[in-house]
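Student: got a sequence here, can you build the structure:
(chains A, B, C and D)
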There are 4 protein chains.
Amino acid sequence: MLDSFHEECGVVGVYGHPEAANLVYLSLYALQHRGQESAGIVSADGQVLLSHRGMGLVADIFKEDIIRRLEGFSAIGHNRYSTSGSTLLKNAQPFCVDYVGGAVALSHNGNLTNYVELRRRLESDGRIFQSGTDSEVILHLIAMSKAERLVDRVVAALGEVQGAYSLVFLSESEMIAARDPYGFRPLVVGRLRGQERPGEGWVVASETCALDLVDAEYLREVEPGEVIEFTAAGMKSYRPFAPHAPTRCVFEYVYFARPDSRVYGRSVYQVRKELGRRLAQSHPVEADIVIPVPDSGVPAAVGYAEQSGLPFEMGLIRNHYVGRTFIEPQDSIRHFGVKVKLNAQREVLEGKRVVVVDDSIVRGTTSRKIVTMVRNAGALEVHMRISSPPTTGPCFYGVDTPTRKELIASSHSIDEIRAFIGADTLGYLSERGLYSFLGEGPRGGFCDACFTGRYPVLVSDDEQPIQLHLFEAKDR
Amino acid sequence: MLDSFHEECGVVGVYGHPEAANLVYLSLYALQHRGQESAGIVSADGQVLLSHRGMGLVADIFKEDIIRRLEGFSAIGHNRYSTSGSTLLKNAQPFCVDYVGGAVALSHNGNLTNYVELRRRLESDGRIFQSGTDSEVILHLIAMSKAERLVDRVVAALGEVQGAYSLVFLSESEMIAARDPYGFRPLVVGRLRGQERPGEGWVVASETCALDLVDAEYLREVEPGEVIEFTAAGMKSYRPFAPHAPTRCVFEYVYFARPDSRVYGRSVYQVRKELGRRLAQSHPVEADIVIPVPDSGVPAAVGYAEQSGLPFEMGLIRNHYVGRTFIEPQDSIRHFGVKVKLNAQREVLEGKRVVVVDDSIVRGTTSRKIVTMVRNAGALEVHMRISSPPTTGPCFYGVDTPTRKELIASSHSIDEIRAFIGADTLGYLSERGLYSFLGEGPRGGFCDACFTGRYPVLVSDDEQPIQLHLFEAKDR
Amino acid sequence: MLDSFHEECGVVGVYGHPEAANLVYLSLYALQHRGQESAGIVSADGQVLLSHRGMGLVADIFKEDIIRRLEGFSAIGHNRYSTSGSTLLKNAQPFCVDYVGGAVALSHNGNLTNYVELRRRLESDGRIFQSGTDSEVILHLIAMSKAERLVDRVVAALGEVQGAYSLVFLSESEMIAARDPYGFRPLVVGRLRGQERPGEGWVVASETCALDLVDAEYLREVEPGEVIEFTAAGMKSYRPFAPHAPTRCVFEYVYFARPDSRVYGRSVYQVRKELGRRLAQSHPVEADIVIPVPDSGVPAAVGYAEQSGLPFEMGLIRNHYVGRTFIEPQDSIRHFGVKVKLNAQREVLEGKRVVVVDDSIVRGTTSRKIVTMVRNAGALEVHMRISSPPTTGPCFYGVDTPTRKELIASSHSIDEIRAFIGADTLGYLSERGLYSFLGEGPRGGFCDACFTGRYPVLVSDDEQPIQLHLFEAKDR
Amino acid sequence: MLDSFHEECGVVGVYGHPEAANLVYLSLYALQHRGQESAGIVSADGQVLLSHRGMGLVADIFKEDIIRRLEGFSAIGHNRYSTSGSTLLKNAQPFCVDYVGGAVALSHNGNLTNYVELRRRLESDGRIFQSGTDSEVILHLIAMSKAERLVDRVVAALGEVQGAYSLVFLSESEMIAARDPYGFRPLVVGRLRGQERPGEGWVVASETCALDLVDAEYLREVEPGEVIEFTAAGMKSYRPFAPHAPTRCVFEYVYFARPDSRVYGRSVYQVRKELGRRLAQSHPVEADIVIPVPDSGVPAAVGYAEQSGLPFEMGLIRNHYVGRTFIEPQDSIRHFGVKVKLNAQREVLEGKRVVVVDDSIVRGTTSRKIVTMVRNAGALEVHMRISSPPTTGPCFYGVDTPTRKELIASSHSIDEIRAFIGADTLGYLSERGLYSFLGEGPRGGFCDACFTGRYPVLVSDDEQPIQLHLFEAKDR
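Tutor: Predicted structure coming up:
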């Protein structure tokens, strides 16, 4: 999916290793798909925190001399995808402050639903804000807590926030991981192989692909509502919040997570393949070949092909060198937007009835270009198959989504969408198909608000949003 | 193939379009896989040539203001892969000079086998050199010709050089394409759709994926030994050289070209799939799944799976955000080299007998790491299948290859290689398998010197190489 | 003076002009001598604040596109000299925050003497800090005020701080200037010529050279203890603080200010010339020529020469292209530190008895090198004359000074200093000489703590300094 | 003089020192005033040449790692001022080539008057050019020589060129300095103190200020027509060309050279002071003060003041932080061009009759702004005094000058110029005044073509200039 929902962040933390910052750097590499606009690392050497943040990709921001200066035995990191138009350095994470207890840094994946209310309250109390992120609110609340220990301050702060958060905190000598009681965003804990001392070798990350890269063993999810403290004495779990039925984000399976990650205890690749198989069962079609929209559609297409018995082909080839910007000819009416990334192969497609498998349709404009490309390459029929239900609502839990109005499925029937994108047939995986294997209960323990409009945590619509008055000139 | 032979260049030219430089830029984007270390564009506005060259990727070198300044109706471009240790800006192409006839620029893919001899001769004649590239020799010869027309000067110059060259020249008002009589390196000619006037809309490129992106129609290969002149009067073909049995580089099919390109008149993707099918026929094995080494091994693995009836799976996931450099932890004995790019999926591989399909083995070290990764992820058996014959010799025709000594197949039997990489079985496609469908005659019209040691054009080994005395400090 | 005290900041504000940011930019250009390590501009368009800050010189940080994006009718700016080792972007000013009243930005020249106490108090109250500057404390206090109007919040905040401050604040629609009751640091107000409407054309700046450049008329000093509010209704003055005998920094006259500025109502150049004249009266010497240490010693040397009747010569030539860093040969015992900036002219100095006029001696090491250079160029005698009293104590009011221990005059007699620097004679201007024309009363209304140790506002020495726990990796 | 003639280059060479490149770097620092648009260093380690060139100032182009990589015992360097619109990296020097004899690099200050003819001849001979500089021609001629030794090749090459050249060549093991028989541009030879072995410690530079900085002793000028070879055996002088009456550029005294340099055997500062004295004698005026246009007018103003008995004052203050570009407000009719660099001091000028001393007037526009500034600051009368004769003709010997038409003195009487610049009186130093102390004979051994139109070497006007066909996009 090229026109897609965007994960807003990847988080990672390493506790107890002489090259903590370097391991965090490698982990951010592995989590680059969760955010490409800014990245940062903060390390702790027992006395102070050391930070470096920048705009762009991990590999461009961190050079050897910077990694070397991020001294210490612990470090946390963050990849950020920022919504268009607010690519601000000041919003880059980890967010760090000095406060009465020393220094604390924060990496946050998610979105607080009562941010506006909290920020209003804190502003009324005469507090100042230097970013436009809800993460800053959490640090205020930590500083305001009267508790002594950082973990108690964190618990006190999280007791006041609502919504989605997978968090990693770092102080001069401790690391703390926390996940909201709903478990919206993923978070796992692992351990570097060969580490035996209690205070060494702990790794926390959004996805297991980060653990794999640094050769850490996957231990388990950070549980919804759990707070974990890492100190020289080892790892200690807290359950400060009343239990709640988890509503994990199902879109991690559909699109966000890397296929080689294990999320919520399952292989993402296997889930996607199975989504493809179920899609083939519910939306079979007489065709000659199955092709994915690369790269995210590949596993579902493999599953669809396997189930349907149709041959799997790479009918669309992706140019992996494409950056974010390229320069369009001025006088041309041709759109290069999708073409520069994908090329349709006439030799594969000509004279064929083609099943195109993608993970989702957002605005519909990209799917329309893809269908046109496939047809122009000689396909006789184009059957679009989507390995998730229609996306009808925006996400308020840490995902960058278009407004409801822009989501084609929010206001169009499936047949209208089919007509818009120009496909011969269009089939979406049903909600039932999704849950038939993923979970028990009607929604399987997942948040599927973007498909169903059933939002587990309410965001009051009538409240005025926070009006920021402070911008970086580069951002306007 | 991650440890690979490297294409040394991609070339492109556009004649007769008001945004020629922009179209060349898009074409270089499409040809980025042929060279990532420097790139350049030269445009011609009828009066002068305008150039811009830089180190790095096309998208980083060219910004809108630069493209805007590359005015004119024609332009040529170049992507360069330079051998390690000579990433010099002065060697970046297109190479441009002023001479008695005006100005001329050159994009060159290939390698002259009599470069040393020619340079010696030119130096003895009191001529000076500012680069370490053989391309400069061609420009000297052009300037030395007594012919009036540029095309005649080019023919005179090419009459003196030997070896591999696919060339695009640009003068203030003309563009000329040329390919050596052996046809070592690919070169195609196409035309922008909707262009009717004789002097408008011509495109020359290494591969058809560049034509596709700019919406140009593929016309045909520039034939081995052909020189084509593009002027306001249109395209004119010359055949100045005695005919020769073509020996096109077969490795373009195996690895270099983008799968969506048409090379030597065939779809690269289809050829690779067929290589996979033949490989399955000649080296079948009892196994559970077939996985590619992504991305280059995908088409052959699809073919192998199709032929063998085994399921195709993505058992290795590639991180496409990985740049050229990343920072290794200092105190670690672990190698991150391959891991940072590829991750093996336990859920796919565990308990399985796995066929791993790759396009070639160069030093063997990368294959060894991949086999280890796949085994560590729980595979019961690992059967490596290579969709080309063993690579035993270096290339002298424009490809960056290790020395013969470094090529594992030059000094080890297939079983020794198998043992080294740690696979249960290892099967290479045979030469016969390669030619069974690719061509007629014993070698099918291909150069396969890297497999067979049969070099179509001799390079005298005992001649002393040119000793350069001039270096950029950054390069040492 | 090359080894010098350093002004820590220049501040500027423009209210009511369609190109406010551009005028601020030009003013920062004019004030570049007050700080060269970072600079920033914040503009206000009536709705929001727009900021841009960077490390380095004004001309390098601001390019046309950035200035264009700093839209609005008002803007403030800041040049910062940061003490060695904390060249942090996060400390760059103007400092900006969102708070309950909207947004506010601050440019600060000076230093709060009760910063530690205030920060402790604010931290105890659960407030967070993102910089290591005292300016952040002022913004907290503004946000904490319960007053409605910004000007009242500012007054409330300043009522709690002590020490040195010349401030310019900017909100979405107002600009406020303030100066501490002692008047430590300079601040003037002017008006762009030709502006007649009440809310247009106001300029506030550290020195009048900024007014001159943007063609603004000098109106008057912002008085010690005064707060001035600029709104659409014009300029309004407040005197919220009890009157206090002003103690303006006398070192602005000696060294900091640009000679073409008017500071505290007097021409800096004329004051310096007069200092030179008085120096000649109190420390005459039989000599052949008078030479300045360029550039800061020039006016005093002109005055010395005039008074003494000795010829003025440029015996030391300055290289104005010298940047902050240059690369010393490794194996050399020679020091290039001063030589790279100054060259002594044999033709001028040979066989002469030379009076060298400088503004001050800090560590003495630079003076020593200069005396050596002058002697090596053939001077028969070197008579060092300093146009201010011996500097014996550090400054706590916004100037970067070495510790007391490093100040040679704090622990050495004048004759010991003379011996150390190798001069034949050494004469400092006396305090009496300083005040004989500068002011009435024993100290003339000036702070001369660096000469006399009489600190107008006490800094409690035994209090522990704030221990920062947060650093940028680049800074360590 | 702010609107000035521009020196086109500074050259330097160091032979026989383990940190040759670093010493060249320091020398280029000292010679930065001779060219600020590009700089380069080439070092020789006995085997190869290593180069680094870049756009901008020496301090920005060379960082420690680059200097470290410029290994070797010898090095040459170059500062370039390029005429507006051709700030090309490819024209940056030292210019380096490989040729039959190895490698050779060249730093060139000057301009060949038969460049067009030579380039035409070389192009006709089939030779190619990669720059637009005449220096490339010299390298061609060296490569074409049949001589064995580099020094003989150099002599052969110089035998064919005409015009102005002060040159330093570097090969793998030798350095050669050469100066044209007219001695147009300066060149001196010195030796690092404490060096005794014959092949060590030699320094060649445009001006002695470079020798001073690296602690080298001034030995003598490279004589007009002399070629000096530096090898392990020491320094060896050649006089291959028929003697010629020298015509050294007198403008080096007037403006180009640094005042602390010794040029043509005299102190520049002393010459300028004497020019000021003679100016006072020939153009006395009843006035109150004498002020220079800083910095270049300072020595002449000191001389004028001394001779006239009027007080010397700094009535114009220069902002030394001003870079090449600054951003003008869009809607303003005010010109910031000169104001951003100079500020007139009311306190000094008000009510005074002022003598303003500058070194020359080129277009007159800058002088006009200065006169206006001085008047606006309250001067009652403004008497402009120019310490050289009117500049009426362009230079063809290595100086960047406006066309004859743009030179105000070429077409206006002195009184017309006075009226244009708005001065009360205007006085130029006469030719007689210039030579009264500078030299014997009618023109004292100088080239004063820019004053007199008497060009020592003719440039044929009717010859068509070389039409370049090759440009860098950035340059247009």
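Student: apart from its neighbours in sequence, what residue is nearest residue A:415?
Tutor: Across the structure, with Cβ to Cβ, 6 or more residues apart in numbering or on different chains as the measure, the residue nearest residue A:415 apart from its sequence neighbours is residue A:426 (7.7 Å). Heads up, the C-betas are built off the backbone N, CA and C, glycines and all.
Student: partner strands of whichever strand or helix holds the one you found, parallel or antiparallel?
Tutor: Assigning secondary structure by DSSP states H and E places residue A:426 in strand A:425-428. When pairing is defined by DSSP bridges, strand A:425-428 lines up against strand A:381-386 (parallel).
Student: any idea how far residue A:446 is from the closest residue to residue A:447 other than its chain neighbours?
Tutor: Excluding the flanking residues, the one nearest residue A:447 by Cβ to Cβ, 6+ apart is residue A:247, at 4.0 Å. When distance is defined by Cβ to Cβ, to the nearest Å, residue A:247 is 6 Å away from residue A:446.
Student: and the strands in the stretch 1-150 of chain A?
Tutor: A:6-7, A:9-15, A:38-44, A:49-55, A:74-80, A:95-99, A:102-112 (DSSP state E, counting those that start in this stretch).
Student: turn those strands into JSON lines, including mean pLDDT, distance to chain D and mean neighbour count.
Tutor: Compiled in JSON lines, these are given as follows (pLDDT from 0 to 100; distance: least, Cβ to the nearest Cβ, whole Å; neighbours: other Cβ atoms under 10 Å in any protein chain shown):
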{"stretch": "strand A:6-7", "mean pLDDT": "71", "distance to chain D": "35", "mean neighbour count": "22"}
{"stretch": "strand A:9-15", "mean pLDDT": "97", "distance to chain D": "30", "mean neighbour count": "32"}
{"stretch": "strand A:38-44", "mean pLDDT": "96", "distance to chain D": "24", "mean neighbour count": "29"}
{"stretch": "strand A:49-55", "mean pLDDT": "93", "distance to chain D": "20", "mean neighbour count": "23"}
{"stretch": "strand A:74-80", "mean pLDDT": "96", "distance to chain D": "27", "mean neighbour count": "32"}
{"stretch": "strand A:95-99", "mean pLDDT": "94", "distance to chain D": "30", "mean neighbour count": "24"}
{"stretch": "strand A:102-112", "mean pLDDT": "95", "distance to chain D": "32", "mean neighbour count": "27"}
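Student: let's have those in JSON lines, adding distance to residue D:112.
Tutor: Putting the strands of the stretch 1-150 of chain A into JSON lines (distance: least, Cβ to Cβ, whole Å) gives the following:
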{"stretch": "strand A:6-7", "distance to residue D:112": "61"}
{"stretch": "strand A:9-15", "distance to residue D:112": "62"}
{"stretch": "strand A:38-44", "distance to residue D:112": "54"}
{"stretch": "strand A:49-55", "distance to residue D:112": "49"}
{"stretch": "strand A:74-80", "distance to residue D:112": "58"}
{"stretch": "strand A:95-99", "distance to residue D:112": "61"}
{"stretch": "strand A:102-112", "distance to residue D:112": "63"}
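Student: those strands: which one's closest to residue D:140?
Tutor: Between residue D:140 and the strands of the stretch 1-150 of chain A, the shortest separation by Cβ to Cβ is 47.3 Å, and it involves strand A:49-55.
Student: tell me what that closest one is packed against?
Tutor: The helices and strands touching strand A:49-55, judged by 3 or more Cβ pairs under 8 Å, 6 or more residues apart in numbering or on different chains; DSSP states H and E, are strand A:38-44, helix A:58-61, helix A:64-69, strand A:102-112, strand C:470-472.
Student: wait, what's in contact with residue A:241?
Tutor: Applying Cβ atoms under 8 Å, 6 or more residues apart in numbering or on different chains, we find residue A:241 in contact with A:158-159, A:181, A:225.
Student: same question, residue A:284
Tutor: Shown in contact with residue A:284 (Cβ under 8 Å, 6+ apart): residue A:308.
Student: which helix or strand contains it?
Tutor: Element membership for residue A:284 (DSSP H and E) is empty, with no helix or strand holding it.
Student: touching, residue A:147 and residue A:157? I think so.
Tutor: No: the criterion here is Cβ atoms under 8 Å, and residue A:147 misses it with residue A:157 at 9.5 Å.
Student: generate CSV for the helices and strands packed on strand A:49-55, with distance to chain B as supplementary columns.
Tutor: Compiled in CSV, those are given as follows (distance: least, Cβ to the nearest Cβ, whole Å):
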stretch, distance to chain B
strand A:38-44, 11
helix A:58-61, 4
helix A:64-69, 5
strand A:102-112, 18
strand C:470-472, 19
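Student: closest one to residue C:349 among these?
Tutor: The closest approach between residue C:349 and any of these, judged by Cβ to Cβ, belongs to helix A:64-69 at 44.8 Å.
Student: check whether that closest one comes near chain C.
Tutor: Yes: with Cβ under 8 Å from any Cβ of the partner chain as the threshold, helix A:64-69 lies in contact with chain C, specifically through A:66, A:69.
Student: now that helix: buried residues?
Tutor: By neighbour count, and taking 16 or more other Cβ atoms under 10 Å in any protein chain shown as the criterion, the buried residues in helix A:64-69 are A:66-67, A:69.
Student: packing partners of it?
Tutor: Using 3+ Cβ pairs under 8 Å, 6+ apart, the elements in contact with helix A:64-69 are helix A:20-30, strand A:49-55.
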